[in-house]
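Student: Sharing a model prediction with you, sequence too.
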Amino acid sequence: MSGIVNDKSFDIIFRDGRTHSVWLDKAVSDITLQALYDLLCLGPTSANCSPARFLFLRSQEAKDRLRPHLSAGNLEQTMAAPIVAIVGYDLAFCDKFEILWPGNDQVRGWFEGNDEKLLETAFRNGTLQGAYMIVAARALGLDCGPMSGFNAAGVDGEFFPDSTLRVNFLCNLGYGDPGALPPRKPRLGFTDVAVVI
């Protein structure tokens, strides 16, 4: 099937895109991180709420702060990654509606005062934005290593104390070693997961 995007782009973003855990010694520039955000922020979110917040750890000092909160299986790859993105979400996303939806005086009322809806909206849409980050990173030539395997309360306490920010997931970013990739694991087929009614 043909589309607007050429087949090579599909290869880069999806078919050949892999989760990396071995990293080349090649820096990721601030310009690349800015370009990454400039792309991912264009993805849709509910009411344009845009609750994701990103903390990019580059320095060894910053990564060392993360170290005690990582599971043993994620420690080596995370310490070696050029960038570790803490993908979080802001429970006070309503505070940005003056920027994100100017002229709509009702939008804050859709969420404020309802803690369950605030959490649900922030987590769901922050997760979407984290996925947009992975797609944008691959489109920019970066490799990704998204992961769970960390103590969320520890990460929140270390990086977001006394704030409305919460960690969602971590994602190592950089240039992966293609020679270190194992074979791709199988995926479920369309008929295993989808029904058209």
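Tutor: Perfect, I can see it now. Predicted model, so just to flag it, every value in this text is computed and none were measured.
Student: Look up the closest residue to the most centrally placed residue in the chain, ignoring the ones flanking it.
Tutor: Centroid-nearest residue in the chain: Gly130, 2.7 Å away (criterion: Cα atoms, centre = their mean). In this structure, Gly130 finds its nearest non-sequential neighbour in Val87, 4.2 Å apart by Cβ to Cβ, 6 or more residues apart in numbering. The way it works is simple: take the backbone N, C-alpha and C, and place the C-beta from them, glycine included.
Student: which SS class is that neighbour?
Tutor: Three-state call for Val87 (DSSP: H, G, I helix; E, B strand; the rest coil): strand.
Student: separation between it and Pro51?
Tutor: Between Val87 and Pro51 the computed distance is 11 Å (Cβ to Cβ, to the nearest Å).
Student: cool, Val167 as well?
Tutor: Relative to Pro51, Val167 is positioned 13 Å away (criterion: Cβ to Cβ).
Student: More neighbours: which of those two?
Tutor: When Val167 and Pro51 are compared on other Cβ atoms under 10 Å, the one with more neighbours turns out to be Pro51, at 28 against 23.
Student: For this structure, which segments count as helices?
Tutor: Listed in chain order, the helices found in the chain under DSSP state H are 7-10, 30-40, 60-66, 72-80, 97-100, 115-139, 152-159, 190-193.
Student: Deepest in the core, which of those is it.
Tutor: Sort the helices of the chain by mean neighbour count, taking mean count of other Cβ atoms under 10 Å, and helix 115-139 sits at the top with a mean of 19.
Student: Just the mean pLDDT for it, thanks.
Tutor: Per-residue pLDDT values across helix 115-139 average out to 98.
Student: Just the CA trace of the lengthiest strand in the chain, in CSV.
Tutor: With DSSP state E applied, the strand covering the greatest number of residues in the chain is identified as strand 165-174. Output for strand 165-174, consisting of C-alpha atoms alone and laid out as CSV, is shown next (Å, rounded to 0.1, in the frame of the first residue of the first chain):
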residue,chain,number,x,y,z
LEU,A,165,5.2,16.3,37.8
ARG,A,166,5.2,12.5,37.8
VAL,A,167,7.4,10.1,35.8
ASN,A,168,5.7,8.0,33.2
PHE,A,169,8.6,6.0,31.6
LEU,A,170,12.2,6.4,30.7
CYS,A,171,13.7,6.4,27.3
ASN,A,172,17.4,6.1,26.4
LEU,A,173,18.3,8.2,23.3
GLY,A,174,21.3,8.2,21.1
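Student: and the direction of it versus that of helix 72-80, what angle?
Tutor: Here strand 165-174 runs at an angle of 70 degrees relative to helix 72-80 (axes from the mean of the first three to the mean of the last three Cα atoms, to 10 degrees).
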